[in-house]
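Colleague: Sharing a model that was predicted from the sequence below.
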Amino acid sequence: MTEKTITIKDEYIKLGQALKLADIASEGVEAKYMILDEKVKVNGEVCTQRGKKLYKGDEFETEGIKVKVQ
């Protein structure tokens with residue numbers, strides 16, 4: 001599994017935006033379908049909410065890539 005870290009400046013980042021920031025999804029629509037197809041886990045659980053708020057310390061994973069939010 002590949003591990004990455006993304007740094008946020010605000011209190012939180014939405015899951016769809018985080019997928020783009022981590023260079024996993026190139027467009028918002030791509031992120032949307034990854035989430036709707038249940039391919040993304042947030043903190044170990046499948047998440048289908050595109051607007052899910054991720055805070056520093058949260059992790060998400062998809063397609064063999066694990067990303068930590070800091």
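Modeller: Sure, I can see it.
Colleague: switch to C-alpha atoms for all contacts and neighbour counts from now on
Modeller: Fine.
Colleague: what is the rounded mean pLDDT of stretch 28-48?
Modeller: Confidence for stretch 28-48, expressed as mean pLDDT, is 97.
Colleague: which strand residues sit across from the closest residue to Leu21 other than its chain neighbours in the sheet?
Modeller: Distances taken as CA to CA, 6 or more residues apart in numbering put Ile6 closest to Leu21, at 7.2 Å, once the chain neighbours are dropped. Following DSSP bridges, Ile6 is listed with bridge partners Val69.
Colleague: Which residues are in contact with Ile6?
Modeller: Contacts of Ile6 were listed using CA atoms under 8 Å, 6 or more residues apart in numbering, and they are Ala18, Leu21, Ala22, Val67, Lys68, Val69, Gln70.
Colleague: Count the residues that sit near the second one.
Modeller: The burial metric for Leu21, expressed as a neighbour count using other CA atoms under 10 Å, is 16.
Colleague: likewise Glu59?
Modeller: By other CA under 10 Å, 19 other residues sit near Glu59.
Colleague: Likewise for the one 10 residues further on?
Modeller: For Val69, the number of neighbouring residues by other CA under 10 Å comes to 19.
Colleague: Report the contact partners of it.
Modeller: Contacts of Val69 by CA under 8 Å, 6+ apart are Thr5, Ile6, Thr7, Ile8, Leu54, Tyr55, Lys56, Gly57, Asp58, Glu59.
Colleague: hmm, back to that, any idea how far Gln17 is from the residue nearest to Leu21?
Modeller: In this structure, Ile6 and Gln17 are 11 Å apart, going by CA to CA, to the nearest Å.
Colleague: the helices in this structure, which residues?
Modeller: For the chain, the helices defined by DSSP state H occupy 15-21, 28-36.
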